[in-house]
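Peer 1: give me the fold of what follows.
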Amino acid sequence: MFNNLADRFDSIFKALKKTGSIDESALDNSMRDIRRALLEADVSLPVVKDFIDQIKKETLGKEVLNSITPAQMIIKIVNDELIKILGSEASELNVNGVSPITFLFAGLQGSGKTTTVAKVASHLKNKHNKNIMLVSLDINRPAAFDQLKVLSEKINVFILPKIEEQLPIDIVKRSFEAAKLQEVDCILYDTAGRTNVDSQLMNELSILEKEINPLETLLVLDSLTGQEAVNVASDFSKKITLTGSILTRIDGDSRGGAALSMKFKTGCPIKFMGTGELIDDLEIFYPERIANRILGMGDIVTLVEKASETIEEENATKMAERLQKGEFDLEDLLSQIQQMKKMGGLSNIMKFVPGLKNLESKATKGNESEDLIKKQEAIIFSMTKYERQKPKIINGSRKKRIAAGSGTVVSDINKILKQHRKMSDMMKKISKKGMGSLDPNMLSGQLGQNIPTDLLKK
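Peer 2: From the prediction side, this is the model:
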């Protein structure tokens, strides 16, 4: 998400930094470029106008043009204004209420609403230790209940059984009775979607909202629809009391106009972003972190959180103990490869690391990182356990057998063995001398991605 906008801002700021001193004419040119970049990102015109006006006001008011590093000051002001537009502070899901806490989900058909309900249910179950019940109020779409049922089984939560020809309002009443019997903490209601905003949909939602009295009413929107998503949010907010929105398909949205316009135009905070098709592909929306990503400052906090979610504590402890001793075999390398795979590969990780965003294309050039990871996994899986623990015994005949078993060639086996030796040497060095001894040239060979070492030194 925001890839195009991030690239445009990167070009604008590079040009600013090269000029040294900045006069009002140079500032106007930069503001014009920023305005064009935002409009191309499908950000609404009123938002763009207010954004540019605020930057100019702040820039001239703080005498930025006469400061020692005007470019850096302007970048900071742009960053601060981006955070304001995105919502200033994260507005996390409210889970403080009397059980059963109710959550009503609304949205147009095809926005990813049902899948999002399951994602939020998984989030509540795993992060807040809540006992969940899912309820389908969509009696119009034949497969609506079945889809939600499959998802409920996947995340292992209770779903209210279906009774044929029962109206949504009656389903709601039955859900409260079932919640008491099941000792449910949270009820998540998946409502019917339509292909467009119509009076029937809105009237039904309004009635259901009064009956459910939800702690949170969440609007699920497809970010790929850009400004149309913002218009839909405006229409829904006129009929029901929205407490937040969830943007889906963020991973496919390179522009980001919906996210940058939503809070400003509706006053409704973005609670989550759907970043993929998997149940765990859901991120809490942190305005400051998103602003940092847009401006190429990385997002280390989210990266660390992603890592902690995918690493099992027991395995991490064992790995740490081995690394402290300078031990690193092919089992350990396989563990690291699989860890990177869970986090979306090297190119995905680079998005979060300051200074490495521009290397994403280089990291995947030639061999795509995902394909490379699969090949490395296949090679190590084709080895015996003893070979993984004692890589030095892997001779020519063993290499041929491993290559045949993994569908690769001997040169691929040599590459991964060389990679292991480098990483093993690096781990031994770290165990003796600490992280300060880390050589960027060793890092550049990680997973065969050939990251330019001069950029790693920065």
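Peer 1: what's around the closest residue to L282 other than its chain neighbours, how many residues?
Peer 2: Spatial nearest neighbour of L282, chain neighbours left out: K119 (4.3 Å); criterion: C-beta to C-beta, 6 or more residues apart in numbering. C-beta here means a position set from N, CA and C on the backbone, and glycine is covered the same way. The number of residues packed near K119 is 24, by other C-beta atoms under 10 Å.
Peer 1: go ahead and confirm K119 touches I279.
Peer 2: Yes. Using C-beta atoms under 8 Å, K119 is in contact with I279, at 5.7 Å.
Peer 1: restrict the helix or strand encompassing the residue nearest to L282 to CA atoms and write it as CSV.
Peer 2: Taking DSSP states H and E as the criterion, K119 maps to helix 113-128. In CSV, the C-alpha atoms belonging to helix 113-128 read as follows (Å, rounded to 0.1, in the frame of the first residue of the first chain):
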residue,chain,number,x,y,z
LYS,A,113,-16.8,-8.3,5.1
THR,A,114,-17.4,-12.0,6.1
THR,A,115,-13.6,-12.8,6.0
THR,A,116,-12.9,-9.6,8.0
VAL,A,117,-15.4,-10.7,10.7
ALA,A,118,-13.4,-13.9,11.1
LYS,A,119,-10.1,-12.0,11.2
VAL,A,120,-11.4,-9.7,13.9
ALA,A,121,-12.8,-12.7,15.8
SER,A,122,-9.4,-14.4,15.6
HIS,A,123,-7.8,-11.1,16.9
LEU,A,124,-10.2,-10.9,19.8
LYS,A,125,-9.7,-14.6,20.7
ASN,A,126,-5.9,-14.6,20.5
LYS,A,127,-5.0,-11.0,21.7
HIS,A,128,-7.8,-10.5,24.2
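Peer 1: next, the angle helix 113-128 makes with the helix or strand that that helix is followed by.
Peer 2: Using DSSP H and E, the helix or strand that directly follows helix 113-128 along the chain is strand 132-136. Angle, strand 132-136 to helix 113-128, by axes from the mean of the first three to the mean of the last three C-alpha atoms, to 10 degrees: 170 degrees.
Peer 1: partner strands of strand 132-136 and their direction?
Peer 2: Strand 132-136 has the following strand partners under DSSP bridges: strand 158-159 (parallel), strand 186-190 (parallel).
Peer 1: average pLDDT across that strand?
Peer 2: Averaging pLDDT along strand 132-136 gives 96.
Peer 1: dump the residue contacts of A41.
Peer 2: F2, N4, L5, R8, R255, G256, G257, L260 (C-beta atoms under 8 Å, 6 or more residues apart in numbering).
Peer 1: try 6 Å
Peer 2: A41 makes contacts with L5, R255, G256, G257, as judged by C-beta atoms under 6 Å, 6 or more residues apart in numbering.
Peer 1: who's in contact with L16?
Peer 2: Per C-beta under 6 Å, 6+ apart, neighbours of L16: S30, A71.
Peer 1: could you point out the helix or strand that follows the host helix or strand of it?
Peer 2: Taking DSSP H and E as the criterion, L16 maps to helix 3-19. As assigned by DSSP H and E, the chain's next helix or strand after helix 3-19 is helix 24-40.
Peer 1: check which residues of that following helix are buried.
Peer 2: Under the neighbour-count criterion of 16 or more other C-beta atoms under 10 Å, helix 24-40 has A26, L27, N29, S30, M31, D33, I34, R35, A37, L38 buried.
Peer 1: what's the pLDDT at the fifth one?
Peer 2: M31 is assigned a pLDDT of 89 by the prediction.
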